[in-house]
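Sharing a model that was predicted from the sequence below.
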Amino acid sequence: MTNFIDKISNLNLSRRNFIKASTAAAAILPLAGCGNTLMRTSADNIATMEERWITAACWHNCGGRCLNKALVVDGVVLRQKGDDTHPDSPNYPQQRACIRGRSQRQQVFGADRLKYPMRRKNWAPGGGKKELRGNDEWVRISWDEALDAISGEIKRIKEEKGNRALFADSANVSKVLSLYGGCVSHWGTTSRGNWTYTPDVIGYSPESNSGINDRLDMRNCDTVIMFGMNPAWSSAGNPAYNFMQVKNAGAEFIAVDPYYNDTYALLDAEWIPCRPVTDTALLLGIAHTLLQEDNPTTNPLIDWEFLKKNTIGFDAESMPEGSDSKENFKDYVLGTYDGIPKTAEWASESTGVEPNRIRYLARALNKNKKVAILTGWASARTHNTDNLPQLFMTIGAMTGHMGKSGHMCGISCHSRAGNGGAMLVAPGSNGLPAVKNPVDDSFNDTEMWKAIVDGQYNFTGQQKYLKSETRKIDIGLIYHELSSKLQTRAGMTKGIEAHRKVDLVVSHSQFLTTNSKYADFVLPVTTEWEKPGGLLTGNREILIMYSQITKPMYECQDDQWIAKELAKRLGVDPTKAFPIDYTQQFFNQIAGATTTNEDGVTKEPLVTITAADIAEWKVKGKPQQGRIGLKEFQEKGIYQIERKVGDNYGFIAFKDFRDDPVAKPRKNSASGKMEIYSQVLANTINNMGYSKIKAVPTHIPPVEGYEETFKDWKGKVKGDYPYQVINPHYLRRSHSVFDNVQWLRETWPNPVFISAKDAQEKGIVDGNTVLLTSKHGKTLRTALVTERFMPGIVGLLHGSWVDMDEKTGIDTGGADNILNGPLTSGQGVSGWNSCVVNIEKYSDAPLTPDVNKSQRIIF
Ligand SMILES: Nc1nc2c(c(=O)[nH]1)N[C@H]1C(S)=C(S)[C@@H](COP(=O)(O)OP(=O)(O)OC[C@H]3O[C@@H](n4cnc5c(=O)[nH]c(N)nc54)[C@H](O)[C@@H]3O)O[C@H]1N2
Ligand SMILES: Nc1nc2c(c(=O)[nH]1)N[C@H]1C(S)=C(S)[C@@H](COP(=O)(O)OP(=O)(O)OC[C@H]3O[C@@H](n4cnc5c(=O)[nH]c(N)nc54)[C@H](O)[C@@H]3O)O[C@H]1N2
Ligand SMILES: [Mo]
């Protein structure tokens, strides 16, 4: 490192010239951090020439939460590294940063950072030429001009249309709008799909959202069956490594998925290809096989004792009082009353899995073996699968793989993949008050753009699952602060229409993201690297503390500052929402952080804080005794519980309930048992007005599922959209984040995956440009032909930024939500993995690689 710095110094280039030279070569700043110096006066430089490793935030919503350190010299980030705070071992692993996190300096200091507040050239009060949103030029304006114009328009919209015309996707500005009389919000099932509501009323709500045992216990398994999960891509950090330890301990892996992904390859899993949105049919075929082949004396497959003691609704004898005993699960599976036994042959038709393979899976679930039945959320981010979590629970209950060491059945996804149990270390609260929003209107994510365009929507509460009520609505403002909604919610084509309809669109942003591209006013905001610091939670064993890396870049401000400035202009008191500053909020989280003691039960404060610390931080607080000193925590950047086999931090999901369901009933079901029959579930969902479901899990042919690829299902004649498309979460990005980073674009080109068979039939070869067409939109990608995808299934990677060619109406960016329509089912699920498309060769030549596209550099 010293040599490198010497080299730069010896070049005898002034910093300014150095940057000029490097930006000319590529529109990235290779020595990230230089951009900072470029744009500010030298008096702003925060660091001395001394080099220092500082723990840097890696704050995105990917499945990891890793330790990321930056070598900072004179405000410049020279290098990044991962966790080297202790030696690595399987029980006590380092929390190593992934390649996205290590590219973060390319993001924070990217030449395409938004630098100044900007206004759309053809904007005028009331909107101006609204149809130009998305294509207009930008004008640099001052903060005062931006904030005055935005608050003036908000006032006008409120006066003309009332508070119900203000729609905000926001964490901070929505608090101000709430104080200003309220605003319309939104809700959705996002990551968890139908795991969002269903588990909470059937007695399954898996402890700490997983329902699986901890990672050390998983090493006791004989077999791990993975239904659609990809920790190697979607849970950065340790989960894939932890699964390797399970493999090293001797377990076998089976994967049920339309795609043989890198996780399965890593674990040498046996692949059972299965079409998307058909897991319910497959599990019913498994249930049928279990019932058919079980013999308590000669072939005991079913755990009758667990079913009897711990569940209701499995058979006619275990139905709750007042229900129709014919409506039980077993008789549905056997087809006693509907005449359709849900045999392996029946399940084969939609799943594409051979009947023998389904029976093989059922036998692999043998109750006398130690089996982990794991699933990600992807299969439930689908339409008409509200009862999939209930069916998962039913299979776990039938085979008894619950509540015992080496046996488990539940969710393994995101940062908690493969490691169940409550958080062992956790941050405190930041101390900001809640602000009540007087407006109760709330759009379901799948309906928000339609609601704005159509002027009416289905109100079912703010994620409260109320009885459906049609409401009129006239939205004048779309305010984006929090996320990337136009890009990441279904129905982007409708979304663009909605953005071109309203009076005013505002977006806080670090780059010209999709939200910002279609806005009138874009307000540049700081990244976490430019804030005082914060805490990050990840897997249950760690808490990360990150610090400021650099001062705010250019004219960027943070979201709370903007909210407070708007509050002043709207005539509301900003201190009602933000009585304390960022540093105090950060300090409160540290002071309130807890860790679990060696007994595995009791908690104590994590951080030791002295009077001197409080004085140095210039905050309010009391000294306290904890496990690690504040300075040490900040320096190390992480507190990690050291795990050992046999320690008290282990976790066996549902153990208490299995052992004594009377003393330890499930708190979240009407009966206190696991409900294979749940009237509450059926009533709630049926009341919401999108679908009809039964109280026991059944297979409902989904909206835009396999069945819809046919125009004649019985005659097996394919329709206009003969393929299913799914959206694996991609290594290049965390959703839409990082899509603009050139290093990552170069590493992961973002192709569309097409099975070898389909490609051959359509005359497509590797490198051709392919047009994907759904009922809702069109997008282009370069083909990657592979045997890893099941025929009939196309893989379009999640999160790529839309790049609409207005002349052709075709997106050249590969945006998933251009294909996904604004469709809703069941509990208001965002059913992204249910989508049907057609594919055609568009040209022999590949599309311009993303890395060769120009970056969105405005000023
Ligand atoms: N078709 C399809 N759509 C999907 C999915 C899918 O599988 N298929 N997956 C869904 C899932 S699981 C999820 S969780 C969602 C994610 O949906 P989003 O949460 O909308 O996705 P992100 O891209 O993470 O958006 C975060 C945005 O916040 C910005 N940002 C970062 N820091 C700050 C800050 O301090 N202030 C402000 N104002 N902005 C900041 C980032 O630049 C980025 O634009 O996407 C969903 N959408
Ligand atoms: N690198 C990266 N990591 C991420 C994210 C990211 O954007 N980028 N996003 C994070 C977030 S917020 C979330 S919610 C998680 C998402 O994590 P997951 O939901 O696990 O992620 P996916 O990649 O959508 O899907 C995982 C696997 O499910 C399969 N699959 C899709 N549909 C079905 C189906 O109907 N049945 C079956 N059996 N399998 C199916 C896919 O082929 C894939 O192999 O990832 C997190 N991690
Ligand atoms: Mo997610």
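Thanks, I have the structure now. Numbers count the residues shown, from 1 in each chain. Ligands and ions are numbered 1, 2, ... in the order given.

Give me the packing partners of the helix or strand containing residue 266, helices and strands only.
Here residue 266, judged by DSSP states H and E, is contained in helix 262-267. Packing contacts for helix 262-267, counted by 3 or more CB pairs under 8 Å, 6 or more residues apart in numbering; DSSP states H and E, involve strand 223-227, helix 231-234, helix 239-248, strand 252-256. Placement of C-beta: from N, CA and C, glycine included.

try 7 Å
helix 231-234, helix 239-248 (3 or more CB pairs under 7 Å, 6 or more residues apart in numbering; DSSP states H and E).

Name the residues of it that come out as buried.
262-264, 266-267 (16 or more other CB atoms under 10 Å).

Give me the sheet partners of the next helix or strand after it and which way each runs.
Next helix or strand after helix 262-267 toward the C-terminus (DSSP H and E): strand 270-272. If you go by DSSP bridges, strand 270-272 pairs up with strand 252-256 (parallel).

what's the strand it pairs with in contact with?
223-228, 247, 264, 267-272, 274, 282, 364 (CB atoms under 7 Å, 6 or more residues apart in numbering).

How about the stretch 1-150 of the chain: which residue is closest to ligand 1?
At 4.7 Å from ligand 1, residue 61 is the closest residue in the stretch 1-150 of the chain, using CB to the nearest ligand atom.

How many residues are close by that residue?
If you count neighbours by other CB atoms under 10 Å, residue 61 ends up with 13.

Surely it is in contact with residue 738?
No: under the criterion of CB atoms under 7 Å, residue 61 is not in contact with residue 738, lying 11.4 Å apart.

Now the terminal residues of stretch 462-469, how far apart.
Stretch 462-469 has an end-to-end distance of 13 Å (CA to CA, to the nearest Å).

residues making contact with it?
185, 187, 197, 440, 442, 458-460, 684, 687-689, 827.

Produce a ChimeraX select command limited to the buried residues of those residues.
Only the buried members of the contacts of stretch 462-469 enter the following ChimeraX selection, criterion being 16+ other CB under 10 Å:
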select :185,187,197,442,458,459,460,684,688,827
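
mind listing which of the contacts of stretch 462-469 are in strands?
Those of the contacts of stretch 462-469 mapping onto strands are 185, 187, 442, 458-459, per DSSP state E.

Sort out which one of these lies nearest residue 767 for me.
Among those, residue 187 lies closest to residue 767 (CB to CB), at 42.0 Å.

what pLDDT does the nearest residue to the closest one once chain neighbours are set aside get?
Distances taken as CB to CB, 6 or more residues apart in numbering place residue 463 nearest to residue 187, at 4.0 Å, with adjacent residues excluded. With respect to pLDDT, residue 463 scores 84.

One more: residue 19?
39.

Likewise for the one 3 residues further on?
Per-residue confidence at residue 22 stands at 37 (pLDDT).

Also residue 229?
97.

Over to it. Which of the three states is it?
Three-state call for residue 229 (DSSP: H, G, I helix; E, B strand; the rest coil): coil.

Just give the nearest non-adjacent residue to it, would you?
Using CB to CB, 6+ apart, the closest residue to residue 229 is residue 376 (3.6 Å).

OK, contacts around that neighbour?
228-230, 412-413.

Distance of the nearest residue to residue 603 once chain neighbours are set aside relative to ligand 1?
Using CB to CB, 6+ apart and skipping residues adjacent in sequence, the residue nearest residue 603 is residue 594, 4.4 Å away. Distance of residue 594 to ligand 1, computed by CB to the nearest ligand atom, to the nearest Å: 26 Å.

what number of residues lie near residue 594?
Residue 594 has 20 nearby residues by other CB under 10 Å.

can you tell me which residues contact the residue nearest the centre of the chain?
Centroid check for the chain by CA atoms, centre = their mean gives residue 191 as the closest residue, at 4.7 Å. For residue 191, the contacting residues are 377, 414, by CB under 7 Å, 6+ apart.

Quickly note the distance from it to residue 736.
14 Å (CB to CB, to the nearest Å).

so what's residue 547 up against?
54-55, 533, 634.

among these, which are in strands?
Reading strands off the contacts of residue 547 with DSSP E, I get 54-55, 533.

Now list the buried members of those residues.
Buried among the ones in strands among the contacts of residue 547 (16+ other CB under 10 Å): 54-55, 533.

Turn these into JSON lines, including pLDDT and distance to residue 647.
Converted to JSON lines, these look like this (pLDDT from 0 to 100; distance: CB to CB, whole Å):
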{"residue": "54", "pLDDT": "97", "distance to residue 647": "32"}
{"residue": "55", "pLDDT": "97", "distance to residue 647": "26"}
{"residue": "533", "pLDDT": "97", "distance to residue 647": "31"}
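
isn't residue 242 right next to residue 418, touching?
Yes: counting by CB under 7 Å, residue 242 does reach residue 418; the two are 5.0 Å apart.

Ligand 1 versus the residue of the chain found nearest ligand 2, what's the distance?
Going by CB to the nearest ligand atom, ligand 2 is nearest to residue 228 of the chain, at 2.3 Å. Applying CB to the nearest ligand atom, the value for residue 228 to ligand 1 is 12 Å.

hang on, that residue packs against residue 381?
No: look at residue 228 against residue 381 with CB under 7 Å: they stay out of range, at 9.8 Å.

What sits closest to residue 210 if chain neighbours are left out?
Nearest residue to residue 210 in three dimensions, chain neighbours excluded: residue 420, at 4.0 Å (CB to CB, 6+ apart).

Find the helix or strand that the one you found is a member of.
Counting by DSSP H and E, residue 420 is found in no helix or strand.

what's near enough to touch it?
Taking CB under 7 Å, 6+ apart, one finds 208, 210-214, 410, 651, 653 in contact with residue 420.

So among those, where is pLDDT lowest?
Scoring the contacts of residue 420 by pLDDT puts residue 208 last, at 55.

that older thread, which pLDDT value belongs to the residue of the stretch 1-150 of the chain closest to ligand 1?
Residue 61 is given a pLDDT of 94.

cool, the one 5 residues further on as well?
The per-residue pLDDT reported for residue 66 equals 92.

tell me the contacts of it?
Contacts of residue 66 by CB under 7 Å, 6+ apart are 58, 82, 95-98, 101, 236-237.

if we go to 10 Å?
58, 82-83, 94-98, 100-102, 236-238, 415, 536, 538-539, 542, 544, 638 (CB atoms under 10 Å, 6 or more residues apart in numbering).
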